[in-house]
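S.K.: how would this look folded up:
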Amino acid sequence: MVVHLTSLLKQCAGVAACAVSGAVGIWAQDSVPLSDPGKECFGWRFDPGGEFPGAKGQLAVDPAVEKDDQPTLRLDADFRGGGNYVQALVDVPDLDVDTIAFWVKADAPVASLGLRVVDQSICHQFRLALKPTADWQAVALPLRSFFGNQRQDPAVERYESWGGANDNAWHGPCTLLCLLAAPPPDRKTVTFWFHGIRIIRPLPSVSTTILPVTLSAERVAPGSFVKIRYNWQPKEPLLRDSGAFVHVVDDAGKTVAQDDHEPAVATGSPGWQGQVGYERRVILPATLPEGTYRILAGLYHRTPDPPGWLREKLLAGPGVTDAGDSRYQVGTLVVDQAAPLPKADTEKPPTLDLSAYTVTFSEDFDGKLDISPWGPGTRWIAHTPWSGDFGDAAFGDPAEGHPFTLENGVLRIEARKDEAFAKVDGYKRPWRAGLLASNDPKGAGFSQQYGYFECRAKLPGGPGVWPAFWLASSYDRTDPAAGADGSIEIDVIEFYGHNPGAYQSAVHVWKPDPHRAEGATITTTMNEVATGFHRYGVRVEPDTITMYFDGVEVWRTQTPPEHKRPLMLLVNLALGSGWPIDETPNPSCMDVDYVKAYARRP
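M.R.: Coordinates of the predicted model:
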């Protein structure tokens, strides 16, 4: 929406103002000037729109044309040789945006002006209506309300976007701002002058009401889980996508469990209106003492300057208590040793049927392990093909006795401390562990787009361990452009040892940007995964991805449209993932009986 906020712009410039209906309050917000008088062209730069050759022009500070006794920024455009536009650009220091505002005048009346705003993912382009005058006029684009109003306003003559998520939604903060001059219909040259270009920061959000949670049980046993339904009542979407924090705290205010997550409906999307509710599971530590605990929740977002996190201001609904510092008590949880244990996800009859499938890959670990650090020509390599090793233990190259050993048809992947290695490791990691990947960096090796994939393994127990069986898109990882139209990851199992009664499954979309993910907490009986061998599987089909535990279906989700390539196999024992490793058993071992893949028969 474009609003002519003459009085407010004068107020910003220190000039007495007269009232303009509907504009009051915007300039009371924090604003950031986008012109630096100490830099050439105030820090802006010129671009001739080279994708449409022929246009010429220049950008300069013009002391002959002043506004409020200050020189202005002049943009000249000449289309006599062709071209479609020229533009002035400025980098924006990752700012959250409520409104973009500036003064503008042209050398003759012009009907419209182009504006490009680039966020973390998308380039948004607006054609803004101007008054039919050659005098100075104030222009403001209230970005927050524009996207909150389903991108509709009569003052925006045209809106389009491209790149990244390509969903016509705002993925703030803002990173780049461009002012575009296009050829007017009646002439081939045009000049614009600009003054007071600035970004108005958003006010703290007070449009979302947080409501009490609903628990699946009144009493919960330590080491068990409770289903929590989160309830929100937003009046309008937020300018950005915010995360939800959920902390279960004791009487001293110490967090004993948490469920930080992305809300099921993105807070910056049109769906963040009315009633929003969804259910998640929270696993309680097995050592949690009996008692009553408070559940504190709220929303937060990342801040670029200074770097960190900022909690959103919310409205406390009936039954919710404001706990201070933008935290809200949304319920209480009673921990009781005598509470009945809910059935785990793994305690169901198996339903997996592979009668229509045939084996396409089988690693039984009955012979010598065919592995090298990076390939080529071996069945496995010992690092991620994209050189993206992770965790608090280094993945070691294959060596005698570590990190891989074979005995009686079982592969052992061992994580153990190695102080000598820590002295030469660039990250000073005192642990070494292991990973297997079925692709080398060029994408050679086994991969398969659809079918059933399974690993039978016994996982290590103890805090800090992080074993996994997972799949990732196969392509030439040495080519930066490869995989741009679709790259996914399927985490069949990620087990975090501090939580012996559950593991995680997830589907990630890494390309194209932005990254997104969907996951589930799979509950097991206590210590089930660490006390015996179990089969962890996934069936990948064009429409659905289904996770299995010993043939029991434990989670199902839709296959993302970005899944366009075969999938490689990965098995690893890592440590950490943000959890402390000071009490991790040394050594810790993951035993793998086999890794197999199946394809549906024609």
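S.K.: C-terminal to the strand or helix carrying residue 411, what's the next element?
M.R.: Residue 411 is part of strand 410-417, with elements assigned from DSSP states H and E. Downstream of strand 410-417, the first helix or strand assigned by DSSP H and E is helix 419-424.
S.K.: name the residues that touch that following helix?
M.R.: Outside of helix 419-424, the residues within contact range by CB atoms under 8 Å, 6 or more residues apart in numbering are 394, 428-430, 432. Where you see a C-beta, it was placed from the backbone N, CA and C, and this is true even at glycine.
S.K.: and that helix, which residues are buried?
M.R.: residue 421 (16 or more other CB atoms under 10 Å).
S.K.: hang on, residue 361 packs against residue 569?
M.R.: Yes. Counting by CB atoms under 8 Å, residue 361 does reach residue 569; the two are 7.4 Å apart.
S.K.: who touches both of the two?
M.R.: Joint contacts of residue 361 and residue 569 (CB under 8 Å, 6+ apart) are 438, 446, 595, 597.
S.K.: now distance to residue 226, neighbour count and secondary structure too, for the residues you listed, in JSON lines please.
M.R.: Shown next, in JSON lines, are the shared contacts of residue 361 and residue 569 (distance: CB to CB, whole Å; neighbours: other CB atoms under 10 Å; DSSP: H, G, I helix; E, B strand; the rest coil):
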{"residue": "438", "distance to residue 226": "39", "neighbour count": "26", "secondary structure": "coil"}
{"residue": "446", "distance to residue 226": "41", "neighbour count": "18", "secondary structure": "coil"}
{"residue": "595", "distance to residue 226": "35", "neighbour count": "24", "secondary structure": "strand"}
{"residue": "597", "distance to residue 226": "37", "neighbour count": "21", "secondary structure": "strand"}
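S.K.: from those residues, which single one is nearest residue 323?
M.R.: Closest approach to residue 323 among the shared contacts of residue 361 and residue 569 (CB to CB): residue 595, at 47.8 Å.
S.K.: quick one: the closest one and residue 363, what's the gap?
M.R.: Distance, residue 595 to residue 363, by CB to CB, to the nearest Å: 5 Å.
S.K.: now for the contacts of helix 419-424, which pair is the farthest apart?
M.R.: Across these, the longest distance by CB to CB is 12.6 Å; it joins 428 and 432.
S.K.: neighbour count: these two, which is higher?
M.R.: It is residue 432, of residue 428 and residue 432, that has more neighbours when counted by other CB atoms under 10 Å, with 23 against 9.
S.K.: distance check, that one against residue 524.
M.R.: To residue 524, residue 432 is 28 Å away according to CB to CB.
S.K.: got it, and residue 563?
M.R.: In terms of CB to CB, residue 563 sits 27 Å off from residue 524.
S.K.: just how off-centre is stretch 439-454 within its chain?
M.R.: The chain centre lies 26 Å from the centre of stretch 439-454; the measure is CA atoms, centre = their mean, to the nearest Å.
S.K.: flag every buried residue along it.
M.R.: 439-448, 451-454.
S.K.: helix or strand: which one has the residue lying farthest from the centre of the chain?
M.R.: In the chain, the residue that sits farthest from the middle, by CA atoms, centre = their mean, is residue 64; the gap is 47.6 Å. Assessed by DSSP H and E, residue 64 sits inside strand 56-67.
S.K.: next helix or strand past that strand?
M.R.: strand 70-78.
S.K.: helices and strands around that next one, which ones?
M.R.: On a contact count with 3 or more CB pairs under 8 Å, 6 or more residues apart in numbering; DSSP states H and E, strand 70-78 meets strand 56-67, strand 86-95, strand 174-181, strand 189-200.
S.K.: which of those strands comes out lowest on mean pLDDT?
M.R.: Ranked on mean pLDDT, the bottom entry among these is strand 86-95, at a mean of 91.
S.K.: buried ones in it?
M.R.: 86-90, 92, 94-95.
S.K.: what does stretch 252-262 give?
M.R.: 256-257, 259.
S.K.: any regions of the chain where pLDDT drops low?
M.R.: Residues of the chain meeting the criterion pLDDT under 70: 1-30, 203-205, 303-307.
S.K.: break it into its domains for me.
M.R.: For the chain, the structural domains run 6-200, 208-335, 357-600, going by automatic domain parsing.
S.K.: chain center to the longest one: distance?
M.R.: To tie it back to what came earlier, the one meant is domain 357-600. Domain 357-600 has its C-alpha centroid displaced from the chain centroid by 21 Å (CA atoms, centre = their mean).
S.K.: what helices and strands are in contact with the strand holding residue 411?
M.R.: strand 404-407, strand 431-437, strand 567-575, strand 588-600.
S.K.: please work out which residues outside it touch it.
M.R.: For strand 410-417, the external contacting residues (CB under 8 Å, 6+ apart) are 365, 369, 393, 402-406, 430-436, 460, 465, 467, 571-575, 584, 586-593.
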